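Engineer: Kindly generate the corresponding structure for this input.
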Amino acid sequence: MTRSISAVRGGLLVAAAALALGATTPPATAQDSDSGNWLFVTVTRGEGRHGETPGNLLLCDPPRGHARAAEACKDLDRVGGDISRLRQKDAFCPMIYAPVTAHARGEWNGHPVDYRETFSNGCGLAAQTGAVFAVDR
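Structural biologist: I've put the predicted structure just below:
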């Protein structure tokens, strides 16, 4: 009984996130993850409006949602789901201004996650957040 309530709760959270983001429902749902660790991640490039950006639902038990889901889940586990604490290795990024905004909304270890940050370019985003925002295009 508790598992079915948890599954319904997870499904409702994903539906609410999709509505709030103006996106269509992703193919996977948060109820597919036993751990409750999930994030709906988007990357907006340039001057595009957030509602125009497709995203991916990153699930971590088992890892799935985009091509680097296992690596992303490992990185997130290391920092307790706090994306702002991710620190990747040094990178040599070009000094080209091509802004990208990363947004993640979801739940990690029972705590809500709502992260948004704009980076000067995609290289800076990848250097800071690793695989978390490696969304499929």
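
Engineer: for residue 111, what are its contacts?
Structural biologist: Taking Cβ atoms under 8 Å, 6 or more residues apart in numbering, we find residue 111 in contact with residue 81. For the C-beta atoms, the positions are set from N, CA and C on the backbone; glycine is no exception.

Engineer: Please name the nearest non-neighbouring residue to residue 81.
Structural biologist: residue 108 (2.6 Å; Cβ to Cβ, 6 or more residues apart in numbering).

Engineer: Does that neighbour touch residue 37 like I think?
Structural biologist: Yes: taking contacts as Cβ atoms under 8 Å, residue 108 lies within contact range of residue 37: 5.2 Å.

Engineer: joint contacts of the two?
Structural biologist: The contact sets of residue 108 and residue 37 overlap at 76, 81 (Cβ under 8 Å, 6+ apart).

Engineer: Point out where the chain drops to low pLDDT.
Structural biologist: 1-35, 47-53, 136-137 (pLDDT under 70).

Engineer: can you pull the buried residues of stretch 56-72?
Structural biologist: Neighbour counts over stretch 56-72 (16 or more other Cβ atoms under 10 Å) mark 56, 57, 58, 59, 60, 63, 64, 65, 66, 68, 69, 72 as buried.

Engineer: oh sorry, the question was meant for stretch 101-113
Structural biologist: For stretch 101-113, burial by neighbour count (16+ other Cβ under 10 Å) applies to 101, 102, 103, 104, 105, 106, 107, 108, 113.

Engineer: what do you get for stretch 74-81?
Structural biologist: Buried residues in stretch 74-81, counted by 16+ other Cβ under 10 Å: 75, 76, 81.

Engineer: Find the nearest non-adjacent residue to residue 75, please.
Structural biologist: Using Cβ to Cβ, 6+ apart, the closest residue to residue 75 is residue 130 (4.8 Å).

Engineer: So which residues of the chain form strands?
Structural biologist: Using DSSP state E, the strands of the chain run over 38-45, 55-60, 63-64, 100-108, 111-119.

Engineer: Can you report how many residues neighbour the nearest residue to residue 42 once chain neighbours are set aside?
Structural biologist: Excluding the flanking residues, the one nearest residue 42 by Cβ to Cβ, 6+ apart is residue 55, at 3.7 Å. Counted with other Cβ atoms under 10 Å, residues neighbouring residue 55 total 26.
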